[in-house]
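J.: Structure, please.
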Amino acid sequence: MGDGVMIFKSNMVGEINVPMSSLSFFSTDKSAALHFQDGTVLQQQVLGSAAGIAVSSGEIVAAQSIPVAQLAKINPPPLPPIDWTGRIGAGLIIQSGNTRNQDVNVSIAAKRETEADRITFDARYIENKEENVDTGVESISKRSYALGGNYDYFLADDWYVYSNVGAEKEVTANIDLRLAIGSGFGNRLIRTDATEFDIELGLSWVSENFTDTTEDIDYAALRVGWRYDRQLSGITKLFHKGRWYPSLEDNSDHLVKTETGIRTRLLDILSAEAKIIFDWDSTPAIDKREEDATFVLGLGWDF
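T.: Reported below is the predicted structural model:
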């Protein structure tokens, strides 16, 4: 029984569906898995009763009568196994001539989602390096590390509560460690086969430590987050996500981080991706720009 319908299966008459609202009582010859509306689950034999059903005494409960309306499911099919899904991506560009260039990017993203909650994890490494073949001088135009995780617990009506943590190191921006930890509420505004759109609002603690003489800062901030995925075709998807941290202590201090791209499947588990990672920090390290944009091309293994 599930969704308000009891299903009888017989070799002689086939399958019969009976609305639970039409039943006053029923009984079973053997024990059955009884799932109640309050979440209680019993493995008991059911006896007919004028009050609805009577469960036989067992190790946990004594024999008692229970209204049929308190039942949610009987002998439900086993839930499918919960698997992680995600992507491991990498890109490498090497140039040799008057200068030697080497661009490397590696990323990992994983998600585990159930009816009750969702866990996401991502990590990224990017390096752009150049060497002058005449002088042998090597310069690094970009080197960054990022690591993040989210936990979402779903409530009613597409609302959820979340907690998250993010850490990053940006060598060329003189950021030794930027750490953001927070929690709040989110809403799954759109959830269709082709489109998913989530928005989030909460509070975060942000800590920025620098490798130069820039003063380290810690502050409380509002966190506004969003996530948008659009399936453009059977093999191609547009994705965009972002976070905005306006400081609650200094209204001139803002941090915005976004990632926008397009991904298309080449084979069953192989895909190509092009994206731009854009950061804006209104209070960067000394002599560093507020804006930072990185273009990434690569291939990925989907699992």
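
J.: where do the strands sit along the stretch 1-150 of the chain?
T.: 5-10, 14-19, 31-36, 41-49, 52-55, 64-66, 71-74, 85-95, 99-113, 117-132, 138-154 (DSSP state E, counting those that start in this stretch).

J.: Determine which stretch of those is the most buried.
T.: strand 52-55 (a mean of 20; mean count of other CB atoms under 10 Å). C-beta: built from backbone N, CA, C; applies to glycine.

J.: Quick check, residue 272 in contact with residue 264.
T.: Yes - counting by CB atoms under 8 Å, residue 264 is a contact partner of residue 272 at 5.7 Å.

J.: ok, those two, which is more surrounded?
T.: residue 272 (16 against 13; other CB atoms under 10 Å).

J.: beta partners of the more buried one?
T.: residue 264, residue 299 (DSSP bridges).

J.: Could you check the pLDDT of it?
T.: Residue 272 is assigned 97 on the pLDDT scale.

J.: Might you report the residue contacts of it?
T.: 263-264, 266, 297-300 (CB atoms under 8 Å, 6 or more residues apart in numbering).

J.: With residue 16 instead?
T.: 7-10.

J.: what's the pLDDT at it?
T.: On the pLDDT scale, residue 16 gets 89.

J.: now it: how far from residue 295?
T.: Distance, residue 16 to residue 295, using CB to CB, to the nearest Å: 61 Å.

J.: go on, residue 131?
T.: Taking CB to CB, one finds residue 131 at 21 Å from residue 295.

J.: same check, this time on residue 107
T.: 14 Å.

J.: What of residue 21?
T.: Distance from residue 21 to residue 295, by CB to CB: 60 Å.

J.: Could you do residue 125 as well?
T.: Relative to residue 295, and taking CB to CB, residue 125 is found at 16 Å.

J.: residue closest to the middle of this protein?
T.: residue 120 (3.7 Å; CA atoms, centre = their mean).

J.: Could you give the bridge partners of it?
T.: residue 111, residue 150.

J.: For it, give its distance to residue 184.
T.: From residue 120 to residue 184 the distance is 15 Å (CB to CB).

J.: Tell me where this protein is predicted with low confidence.
T.: Applying pLDDT under 70 to the chain flags residues 49-52, 54, 56-63, 98-99.

J.: repeat that with 90
T.: 1-16, 18-83, 92-102, 115, 130-141, 156-157 (pLDDT under 90).

J.: who touches residue 17 in this structure?
T.: 5-7.

J.: for residue 297, same thing?
T.: 91, 93, 272-274.

J.: how close does residue 283 sit to residue 173?
T.: On the measure of CB to CB, residue 283 and residue 173 end up 12 Å apart.

J.: more neighbours, those two?
T.: residue 173 (20 against 16).

J.: which one is that one nearest to, not counting chain neighbours?
T.: Nearest residue to residue 173, sequence neighbours excluded (CB to CB, 6 or more residues apart in numbering): residue 288, at 5.4 Å.

J.: On the three-state scheme, the one you found is what?
T.: coil (DSSP: H, G, I helix; E, B strand; the rest coil).

J.: Just read off the phi/psi values of it.
T.: The phi and psi values for residue 288, taken as degrees, to the nearest 10, are phi -110, psi 150.

J.: hang on, it packs against residue 171?
T.: No - the criterion here is CB under 8 Å, and residue 288 misses it with residue 171 at 11.6 Å.

J.: Now find how far off-centre stretch 292-303 is within its chain.
T.: Chain-centre distance of stretch 292-303: 18 Å, with CA atoms, centre = their mean, to the nearest Å.

J.: Please identify the buried residues of it?
T.: Neighbour-count burial for stretch 292-303, with 16 or more other CB atoms under 10 Å as criterion, is recorded at 292, 294, 296, 298, 300, 302.

J.: out of the residues you listed, who's nearest residue 70?
T.: residue 302 (43.8 Å; CB to CB).

J.: any idea how far the closest one lies from residue 264?
T.: 11 Å.

J.: Quick check: residue 291 vs residue 247, distance?
T.: In this view, residue 291 and residue 247 are 18 Å apart by CB to CB.
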